[in-house]
Structures are given as structure tokens and as C-alpha cells.
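J.: The sequence isn't on hand, but the structure is:
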């Protein structure tokens, strides 16, 4: 059995359990644990959030589930080498209106979910008929220059199980190749007139460090809050197993989902295997997309470079909503958390590994902190170089019809999604 088939069957099983029980909006939380041990199914069904140590051990039990990176903050975030105070991150989220996390019982949740549904409506249109004008500009009118000319399916695929840091490495490779990188010697002193180790090697290290340092804390927040994935909510609405919150009209959303003719929960997304098997909030792609922050600390960025990095961070983040696996505020929370984690640990890391002056690092961190709530209203976001352009028509759409009426693709099945042969995305 392929991973793709397993995930679909597991998602259907979870959905059928919900259908038998019936679920109130106030009780609707993440349930895509992908149980592999049937003896554990009833135990896993009763899991609540925040995840207790006992519940974490159940999910981590060999052969029990395929849940990804089941961690708790006291296990991986507070101890060395990170020593991150997540309460500081939560306080920052509160100030920015990104916490508490909303769930299906909250009216504000449905505003977020509606954005995901609209993106998936366009994804399905493009999957069914590749020859229609690309709808990406309707969903993502501005995006990183590194995806210029991508269509909506290619944008979703750009953040699908890709090598961690792929797009950030591409940006830095371009800058280094053009000789456009200016290092801040006051932050990281160099040895000699030319220092390869504290220049290019440091940049490569920092991309990876941003991922590995934000990951444990971000995942612990996921398992603390347990926000359901969009596909779980969508299929519950499709199957009419989610009891609608009183006073909230979901008729338009429900009709849009019914029109998708979903075969299983994963079918809601752009990916064959659907969402990853860990909770939705905060988004890990977003938390690890902090290049515009740490580059602003160790380099002397031009305004154009800072804007380029911010747009790349935002694009990697928001593309996961285009793919249907995250709500928009998952992304904003992830960007904010990733920045907050690095702000706490970067001074010690740079001092320990690159002899940086901690006091200067802290001052640069204060200047580099950014409120991601403000990005889409910024001049940077709306720069002409980032404007989405219609993707080129697929080659088959330029050929004259041969036999069949219209010559356009018929409705695609599950296998037509841009997948990776069933490999489950972990971010």
C-alpha cells in the first residue's frame, strides 16, 4: 500500500468516526493522527489538547500512528540548547491579535476558512481544466520573483515536501553570485581579509539553523493547541457531520465545498496525501521562513534586498494556504513565532559560533523585528516586480482538438495532483 493510499484511508476512517459520533463545533480539533495500530484507535480518539505526556507517548508509540514530530515544549523547547521562553512568543502573538487561536466555534475562524475554500475552488478549476486562464492572480496577486510565471498548481507544488530552505538558498546563491552580499563586520568579525567560513559557510549554516531552531518550539505549539486542518473541517461539512455554530451562516461555504465532490478529506487540498499529520497552527513553513529577519542581523541589507527577502518569506508562507493545508492566520502566527524564537536564541548562537558581539546583535534584532500583519499593506508587497503574471498556457492547450469535442482535459482524478508518489510532507 502506498503512503498516498494509506493517508486517504486513514483520513476516511477518521471522518467516518466523526460521522458516527457527530461533532459540535466547540469540540472540533485535529484528528488526523493516521492510526496504524487498531488496538490504539479508541485511545487515540479520546486525545485532547493541550497534549499530555501520556497522550504524546501514545502517539509516539512504535507502530501506533504516523503522527509527525509529536513534541511538548518542556521536552524540546525550554531545555538546552534552545532555552526558549514560549510565553514571550505567545505574548507577542496576543499583542498582534494572533492569539488565542480560533477554532470552529469562533466566528473569526470561518473568515480564515473561507479564504482556504476560495483558493481550493480555483485549484480544482485548474486541475479539471488546465487550459483555463490561470487563476493565481485572484488568489495570490503578488509573489516572490523566484516564482515568476508559475501557475496556481506550481505555486502549491513549490512548497510541497521541498528540501528545507530550498528557496532561501536560491535567493542567497543569486546574491552571492552577483557579489551583492555585504556582511556586517561589527556583528560577525572576520579572520583575515577574506573569510570563507564566516561568510558563505555562515549563510548556509544560518538557513539550516533557522529551520532546526524554530522547529521544536513551533511543533510543541501545534500539539498544545490542536487546531484542525482545513481538510478535516471541509470534509466534515461535506459529510454534514459538523454541527454548525449557532448564529453563523455557512451556507455559501457549504455549497462551495459540496461542488468540489470530495472523495475523502485529502481531496480538498492540492496534494494527493492531503495535509501533514500534525495540527495546523502555527504553520511550520512560515516559522522557518525567517530569512528577512536574520539576514537583517548579520548583513547590511539594502532596502531592495530586505524587501526581496520579506516577499520570499511571505510567499513560502502563503503558498501553503493556496495549497489548502493552512489558514492564513496559521501563516502569520508562524512567521511571528519563527522571528520571536530566533530573537531569543540568536545572540548566544552567534557569539558561541562566530564570536559575535551579543550587545550589537541584540540592537540589530530590535531594529529587525517586523509585524507581519502589516506586510500586505506595505509598499514592498505591492512592488511591480512581484506582481503575478499569467502563466504560459500548457502545451496541450495550444494544439488543435483531435477527435474529442473541445480538445480540453476531462475532470482529473486524485492521481493528477502534483504529488511526490505518496511521500508525506513533514512541514
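T.: Arrived safely. What you see is a predicted model; the values in this text were computed from it and never measured. Numbering: from 1, shown residues only.
J.: Quick one: name whatever helix or strand follows the helix or strand bottoming out on mean pLDDT in the chain.
T.: Within the chain, no helix or strand scores below helix 3-21, which has a mean of 48 by mean pLDDT, DSSP states H and E. Counting by DSSP states H and E, the element after helix 3-21 in chain order, helix or strand, is strand 23-24.
J.: Just give the strands next to that following strand in its sheet, each with its orientation.
T.: strand 242-243 (parallel) (DSSP bridges).
J.: So, low pLDDT: which residues of this structure?
T.: 1-22, 401-427 (pLDDT under 70).
J.: What segments of the stretch 151-300 of the chain are helices?
T.: 152-158, 166-177, 200-225, 230-238, 251-258, 284-287, 291-298 (DSSP state H, counting those that start in this stretch).
J.: ok, residues contacting the second one?
T.: In this case it means helix 166-177. 144, 146, 158, 181, 200, 203-204, 207, 289, 291, 305, 308-309, 312, 315-316 (CB atoms under 8 Å, 6 or more residues apart in numbering). Bear in mind the C-beta positions are built from the backbone N, C-alpha and C, glycine included.
J.: Deepest in the core, which of the helices of the stretch 151-300 of the chain is it.
T.: helix 284-287 (a mean of 29; mean count of other CB atoms under 10 Å).
J.: Centre of the chain to that helix, how far?
T.: Offset of helix 284-287 from its chain centre (CA atoms, centre = their mean, to the nearest Å): 5 Å.
J.: now do stretch 362-377
T.: With CA atoms, centre = their mean, you get 20 Å for stretch 362-377.
J.: With stretch 210-226 instead?
T.: For stretch 210-226 - counting by CA atoms, centre = their mean - the centre lies 12 Å from the chain centre.
J.: which residues touch it?
T.: Residues contacting stretch 210-226 (CB under 8 Å, 6+ apart): 29-30, 48-51, 56, 69-73, 75-77, 82, 84, 86, 89, 101, 164-165, 278-282, 284, 287-288, 290-291, 294, 334, 337-338, 341-342, 345, 349.
J.: rerun that using 7 Å as the cut-off
T.: The contact list for stretch 210-226 (CB atoms under 7 Å, 6 or more residues apart in numbering) reads 29-30, 49-51, 69-73, 76-77, 82, 84, 86, 101, 164-165, 278-279, 281-282, 284, 287-288, 290-291, 294, 334, 337-338, 341-342, 345.
J.: Check stretch 318-326 too.
T.: Contacts for stretch 318-326 (CB under 7 Å, 6+ apart): 115-116, 119-120, 123, 139-140, 152, 155-156, 158-160, 229-231, 268-271, 275, 280, 283, 285, 327-328, 331.
J.: one step back: return a PyMOL selection command for the buried portion of the contacts of stretch 210-226.
T.: Here is the PyMOL command that picks out the buried ones among these, judged by 16 or more other CB atoms under 10 Å:
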select buried, resi 29+30+49+51+69+70+71+72+73+76+77+82+84+86+101+164+165+278+279+281+282+284+287+288+290+291+294+334+337+338+341+342+345
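J.: End to end on stretch 159-179, go ahead and measure it.
T.: 28 Å (CA to CA, to the nearest Å).
J.: For the remainder of this discussion, apply numbering that starts at 33.
T.: That works, and once the first residue is 33, the last one we named lands at stretch 191-211.
J.: quick revisit: dump the helices of the stretch 183-332 of the chain into CSV; add distance to residue 417 as well.
T.: As requested, these are arranged in CSV below (distance: least, CB to CB, whole Å):
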stretch, distance to residue 417
helix 184-190, 17
helix 198-209, 14
helix 232-257, 23
helix 262-270, 31
helix 283-290, 33
helix 316-319, 22
helix 323-330, 16
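J.: wait, which of those helices is closest to residue 66?
T.: For residue 66, the closest of the helices of the stretch 183-332 of the chain is helix 262-270, at 12.3 Å, according to CB to CB.
J.: Now do that closest one against helix 283-290, angle only.
T.: 100 degrees (axes from the mean of the first three to the mean of the last three CA atoms, to 10 degrees).
J.: so how far is residue 421 from residue 395?
T.: 40 Å (CB to CB, to the nearest Å).
J.: Ok, residue 131 next?
T.: 36 Å.
J.: now do residue 398
T.: Distance from residue 398 to residue 421, by CB to CB: 37 Å.
J.: between the two, which one's more packed in?
T.: Between residue 398 and residue 421, residue 421 has the larger neighbour count (other CB atoms under 10 Å), namely 12 against 9.
J.: for the more buried one, what are its contacts?
T.: Residue 421 neighbours (CB under 7 Å, 6+ apart): 180-181.
J.: Does residue 338 belong to a helix, a strand or coil?
T.: Three-state call for residue 338 (DSSP: H, G, I helix; E, B strand; the rest coil): helix.
J.: Break down the stretch 333-459 of the chain into its strands, ranges please.
T.: Assigned by DSSP state E, counting those that start in this stretch, the strands in the stretch 333-459 of the chain number zero.
J.: quick one, helices of it?
T.: 335-354, 360-386, 390-400, 427-430.
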